[in-house]
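Visitor: Quick one, what's the 3D model for this:
(one chain, ligands or ions: 1)
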Amino acid sequence: MPKKIVAGNWKMNLTFTEADDLLNEIAELLENETIEAQIVVCPPHPYLEMAGDVAKESSFAIGAQNLSPFESGAYTGDVSSAMLKSMEVTYCIIGHSERRKYYNEDDKMLTAKVNQAIEHQIIPIFCVGEALPEREAGKHFETVRHQVRHGLFHLDTNEFSEVVIAYEPVWAIGTGVTASPEQAREMHAYIRQLIDERYGKEVADTTSILYGGSCNAKNAAEIFSQQGVDGGLIGGASLIPKEFLAICKAVK
Ligand code: PEP
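Guide: Alright, predicted model coming up:
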């Protein structure tokens with residue numbers, strides 16, 4: 001069985017004090033809850049240490065939103081996987097459509113980031129998903145196949161077994177429009193089939209594939225109950241503690 005995971009991607013939001021408040025509110029809300037899923041909180045880099053301190057007393061894990069494709073050295077502004085690992089960061093989002101779009105992160109760059117993460121025992125949450133024109137042209141499978149193959153399939157079986165995939169149709173991110181349960185189920189099954197063809201059934205059956213794109217407390221249960229959907233990557237709603245908790249609880 002794949003591990004169930006709900007990861008909150010805070011993106012570039014919140015001041016230090018606001019982040020402190022949100023972390024503590026999440027920890028407080030989780031105190032009396034038994035959640036089936038591994039909860040992962042992904043704050044901006046400057047708040048990772050604070051998040052790690054709160055997480056020590058709580059049940060959530062810490063993820064970063066980005067890491068450097070390089071090991072170390074003269075890369076001003078970059079944060080390496082070794083640095084993240086030394087701050088108890090367990091997961092890192094890689095290949096998010098916002099980074100592909102605004103920072104031109106291509107297959108080569110993403111492969112380098114995935115390699116860095118794996119080398120330092122950080123679990124990549126590797127995002128894939130088609131843009132609206134690709135969906136409308138019926139090319140969504142082709143797009144996702146390319147992203148999965150070119151971003152991940154250079155890994156050997158042991159390395160790939162560490163990876164989490166998030167299917168995030170670009171047209172659903174931050175738009176209030178979610179993929180239909182059927183669209184999510186269909187794409188998750190397709191991704192699993194690709195993994196099966198490359199790594200075999202055992203790996204395919206244990207890879208966590210999350211859905212992301214305008215998940216909220218109202219729609220999460222239906223999406224998460226679809227065959228092959230192992231949880232979610234949550235953007236906007238992860239900034240609202242009770243909403244985030246309700247989404248986490250929707251994983252069964
Ligand atoms: C995301 O950014 O990964 C995401 C899923 O955002 P939202 O939930 O806001 O659509």
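
Visitor: From now on I want contacts and neighbour counts done on CA atoms only, so please keep to that.
Guide: Fine.

Visitor: Which element, helix or strand, includes residue 149?
Guide: Using DSSP states H and E, residue 149 maps to helix 140-152.

Visitor: Give me the buried positions along the next helix or strand along the chain from that helix.
Guide: The first helix or strand that comes after helix 140-152 along the chain, using DSSP H and E, is helix 157-160. Residues of helix 157-160 classed as buried by neighbour count (16 or more other CA atoms under 10 Å): 159, 160.

Visitor: Let me see the residues that make contact with helix 157-160.
Guide: 118, 152, 153, 199, 203 (CA atoms under 8 Å, 6 or more residues apart in numbering).

Visitor: Including distance to residue 66 and neighbour count, could the residues you listed go into CSV?
Guide: Shown next, in CSV, are the contacts of helix 157-160 (distance: CA to CA, whole Å; neighbours: other CA atoms under 10 Å):
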residue, distance to residue 66, neighbour count
118, 14, 18
152, 16, 21
153, 20, 17
199, 26, 18
203, 25, 19
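
Visitor: Show me what the helix holding residue 149 is packed up against.
Guide: Secondary-structure packing of helix 140-152 (3 or more CA pairs under 8 Å, 6 or more residues apart in numbering; DSSP states H and E): helix 107-119, strand 123-128, helix 181-199.

Visitor: Show which residues not belonging to the first one make contact with it.
Guide: Right, helix 107-119. Under CA under 8 Å, 6+ apart, the answer for helix 107-119 is 67-71, 81, 92, 94-95, 123-124, 147, 150-152, 159, 162.

Visitor: Now do the buried residues in it.
Guide: 107, 109, 110, 111, 112, 113, 114, 115, 116, 117, 118.

Visitor: Mind pulling the model confidence for the residue in the stretch 1-150 of the chain that the ligand sits nearest to?
Guide: Proximity to the ligand, evaluated over the stretch 1-150 of the chain using CA to the nearest ligand atom, is greatest for residue 9 at 6.0 Å. pLDDT recorded at residue 9 is 98.

Visitor: what does the one 5 residues further on give?
Guide: If you check residue 14, the pLDDT there is 98.

Visitor: in which helix or strand would I find it?
Guide: Per DSSP H and E, there is no helix or strand for residue 14.

Visitor: how about residue 93, secondary structure?
Guide: What DSSP: H, G, I helix; E, B strand; the rest coil gives for residue 93 is strand.

Visitor: right, I mislabeled it, should have said residue 134
Guide: Residue 134 - assigned by three-state DSSP - is helix.

Visitor: follow-up on the earlier one: in JSON lines: the helices and strands packed on helix 140-152, plus mean pLDDT and distance to residue 217.
Guide: Formatted as JSON lines, those follow (pLDDT from 0 to 100; distance: least, CA to CA, whole Å):
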{"stretch": "helix 107-119", "mean pLDDT": "98", "distance to residue 217": "31"}
{"stretch": "strand 123-128", "mean pLDDT": "98", "distance to residue 217": "22"}
{"stretch": "helix 181-199", "mean pLDDT": "98", "distance to residue 217": "15"}
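
Visitor: and the stretch 151-252 of the chain, which of its residues are near the ligand?
Guide: Residues of the stretch 151-252 of the chain lying close to the ligand by CA under 6 Å from any ligand atom are 172, 173, 174, 212, 213, 214, 215, 233, 234, 235, 236.

Visitor: Of those, which belong to strands?
Guide: 212, 233, 234 (DSSP state E).

Visitor: what's the angle between the helix holding residue 149 and helix 107-119?
Guide: Helix 140-152 runs at 50 degrees relative to helix 107-119, counting by axes from the mean of the first three to the mean of the last three CA atoms, to 10 degrees.

Visitor: Would you mind listing the buried residues in helix 140-152?
Guide: Applying 16+ other CA under 10 Å to helix 140-152 flags 140, 141, 143, 144, 145, 147, 148, 149, 151, 152 as buried.
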